[in-house]
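>>> I need the structure of the sequence given here:
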Amino acid sequence: MKKIAATLLAGLALMAVVATPASAGTAAGNAAGKASRAADPPNGVTLKFVNAWSNKCMNIPSGSTAQGAKITQFTCGTWWDHYWVLEPEPLSSSFYRIRNYGTNQCLAVPGGSMERGIQLIQWPCGTYEDHHWRFVRHADGKYWVINKHSGQCLAVMGGDWADNAPVIQWPCGSWRDHFWGIG
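Alright, predicted model coming up:
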């Protein structure tokens with residue numbers, strides 16, 4: 001447990017480094033505080049994604065290893081399915097696969113859908129664009145997590161606070177359920 005805590009602290013220290021991209025002045029970004037891209041989220045470090053609105057963790061219900069299991073939020077705990085690993089895209093400095101530590105599968109958009117509100121799933125990690133995400137850091141230290149294929153943000157359906165509420169993709173906005181603490 002001490003090793004995990006030390007690793008997480010090292011990851012948080014790395015995430016404190018911020019670079020401002022040319023596209024940081026979007027209307028939605030200004031509504032939620034000035035946005036900037038994290039220089040390099042920590043690679044290979046186990047992290048939790050904590051929703052800024054509900055304060056709950058992104059997880060795989062009951063730690064299911066089923067291909068296509070739907071992603072939800074749940075009260076944060078020490079279960080392995082609450083931990084995720086960032087893996088950099090080989091040909092990009094901006095995009096990462098988000099692999100679940102417990103199931104070894106990646107956060108994905110079902111069938112590469114562009115549909116807003118579709119619930120996200122886990123899927124065997126691949127090179128598909130819907131398996132890659134980028135991070136836009138805001139002034140409060142929270143992040144938009146944006147899908148490479150759809151350009152939409154990781155969010156909680158309807159801004160729900162409940163355990164097992166679906167984690168979806170939605171056009172990025174200033175709603176607090178679109179922001180995630182990573183650590």
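>>> helix or strand for the spatially most central residue of the chain, which one?
The residue lying closest to the centre of the chain (Cα atoms, centre = their mean) is V145, at 4.8 Å. Per DSSP states H and E, V145 falls inside strand 143-147.
>>> Centre of the chain to the helix or strand following that strand, how far?
Downstream of strand 143-147, the next assigned helix or strand under DSSP H and E is strand 153-156. Distance of strand 153-156 from its chain centroid, counting by Cα atoms, centre = their mean, to the nearest Å, is 8 Å.
>>> and what of stretch 130-147?
How far stretch 130-147 lies from its chain's middle: 7 Å, per Cα atoms, centre = their mean.
>>> same question for that stretch, mean pLDDT?
Averaged over stretch 130-147, pLDDT sits at 96.
>>> Now do the end-to-end distance for it.
End-to-end distance for stretch 130-147, by Cα to Cα, to the nearest Å: 6 Å.
>>> Give the buried residues for that stretch.
Using 16 or more other Cβ atoms under 10 Å as the test for burial, stretch 130-147 gives 130-138, 141-147. All C-beta spots, glycine's among them, are computed from the backbone N, C-alpha and C.
>>> In the protein, spot the strand with the most residues.
strand 132-138 (DSSP state E).
>>> Check which helices and strands that strand is in contact with.
On a contact count with 3 or more Cβ pairs under 8 Å, 6 or more residues apart in numbering; DSSP states H and E, strand 132-138 meets strand 35-38, strand 96-100, strand 143-147.
>>> again, only this time at 10 Å
Applying 3 or more Cβ pairs under 10 Å, 6 or more residues apart in numbering; DSSP states H and E, we find strand 132-138 packed against helix 27-31, strand 35-38, strand 84-88, strand 96-100, strand 106-108, strand 143-147, strand 153-156, strand 180-182.
>>> Out of the ones you listed, the one nearest G126 is which?
Proximity to G126 (Cβ to Cβ) singles out strand 106-108 among these, at 7.4 Å.
>>> Partner strands of the longest strand of the chain, with direction?
Sheet pairing here is set by DSSP bridges, and for strand 132-138 it gives strand 35-38 (antiparallel), strand 96-100 (antiparallel), strand 143-147 (antiparallel).
>>> Switch those strands over to TSV; also include distance to W80.
Converted to TSV, those look like this (distance: least, Cβ to Cβ, whole Å):
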stretch	distance to W80
strand 35-38	25
strand 96-100	8
strand 143-147	20
